[in-house]
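K.L.:
the amino acid sequence is not available; the structure is as follows:
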């Protein structure tokens, strides 16, 4: 997505100051190992290559294997500082910095319904546990699209079709034979998209946001102004679970309901307690999942 936004800026007549990529160095063997996965989505590979070519033709500086990124300024962004692949310090003047370090599922609805979830180390995110038709651990609750694991628009469409077929079968509208026949092509397309993910995960692993190594003063929960230091202090005082940590510090109680900070808080909890991510349960979710203006509610009532 970072490449896509940069390409769109060029198309709009705005030349980025630079593209700073934090992907670590990868050996030839690592790159070759992911090539079989890339063949499953040649269109996406071609699209990515086209974006890279456009950036190079426009002369946009491209720094790879960047580390130690800091954004500085008084009241607003003024500079971006980092170390390049050779370890040399770099400083770029900028009034806007766009960050992208991967995407995670919007799984608040399944968490609210207490559906089981699994930790995915390659994507550095939790995903709702679901069968081949998208049915979660809670009978009758299905997931499709990026809420079930980010795999792209085409995969989301096919997953929706499969879920609809299984729902129709459970309702007695179609038999298993017809369901399976209609599912053959969507499943093939979905499997190809899913097979492409290892290539992206190996090429662009989440790296920039590492809450476990955050400085004490770094704000984790922007809504409530809770820092990494405050979270660690609460853990030392006995908050060994996500809901306890939420109660101790108010982290995740703000307008975003933990959408921005829940995962970071869990990462810090895992690091401080030595608990594996797959063994931790995240903080509970309450309705409404997103803030709703009272005026909108009033208008719905009038309709």
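P.N.:
Yep, it's here. No experiment lies behind these values; they were computed from the predicted model shown.
K.L.:
quick check: pLDDT value at the closest residue to residue 230 other than its chain neighbours.
P.N.:
Leaving aside its sequence neighbours, residue 230 sits nearest to residue 249 (Cβ to Cβ, 6 or more residues apart in numbering; 5.4 Å). In this view, the C-beta of every residue, glycine as well, is placed from N, C-alpha and C. Residue 249 carries a pLDDT value of 95.
K.L.:
try residue 129
P.N.:
95.
K.L.:
from residue 180, how far out is the residue lying closest to it once chain neighbours are set aside?
P.N.:
With sequence-adjacent residues excluded and distances taken as Cβ to Cβ, 6+ apart, residue 129 is closest to residue 116, at 4.3 Å. Note on residue 116: its distance to residue 180, by Cβ to Cβ, to the nearest Å, is 26 Å.
K.L.:
ok, which stretches of this protein are helices?
P.N.:
With helices called from DSSP state H, the chain shows them at 2-11, 28-38, 42-57, 108-112, 153-170, 176-203, 228-236, 242-249, 262-273, 294-302.
K.L.:
ranking the ones you listed by burial, who's on top?
P.N.:
The highest average neighbour count among the helices of the chain, using mean count of other Cβ atoms under 10 Å, belongs to helix 262-273 at a mean of 20.
K.L.:
what's the average pLDDT for that helix?
P.N.:
92.
K.L.:
could you measure residue 268 against residue 19, distance?
P.N.:
From residue 268 over to residue 19 the distance is 30 Å, taken as Cβ to Cβ.
K.L.:
can you check which of the helices of the chain gets nearest to residue 120?
P.N.:
helix 176-203 (9.1 Å; Cβ to Cβ).
K.L.:
measure how the closest one sits relative to helix 42-57, angle-wise.
P.N.:
With axes from the mean of the first three to the mean of the last three Cα atoms, to 10 degrees applied, the angle from helix 176-203 to helix 42-57 works out at 30 degrees.
K.L.:
what angle do helix 176-203 and helix 153-170 make?
P.N.:
Using the same axes, to 10 degrees: helix 176-203 against helix 153-170 is 150 degrees.
K.L.:
worst-scoring helix or strand of the protein, pLDDT-wise?
P.N.:
helix 28-38 (a mean of 70; mean pLDDT, DSSP states H and E).
K.L.:
so where's the chain shaky on pLDDT?
P.N.:
The chain contains residues with pLDDT under 70 at 27-28, 30-31, 207-209, 301-303.
K.L.:
residues near residue 127, how many?
P.N.:
19 (other Cβ atoms under 10 Å).
K.L.:
and it, how close does it get to residue 88?
P.N.:
For residue 127 relative to residue 88 (Cβ to Cβ), the value is 39 Å.
K.L.:
so residue 245 touches residue 234, yeah?
P.N.:
Yes - under the criterion of Cβ atoms under 8 Å, residue 245 makes contact with residue 234 at 5.7 Å.
K.L.:
quick revisit: closest one to residue 70 among the helices of the chain?
P.N.:
Among those, helix 228-236 sits nearest to residue 70 (Cβ to Cβ), with 15.5 Å.
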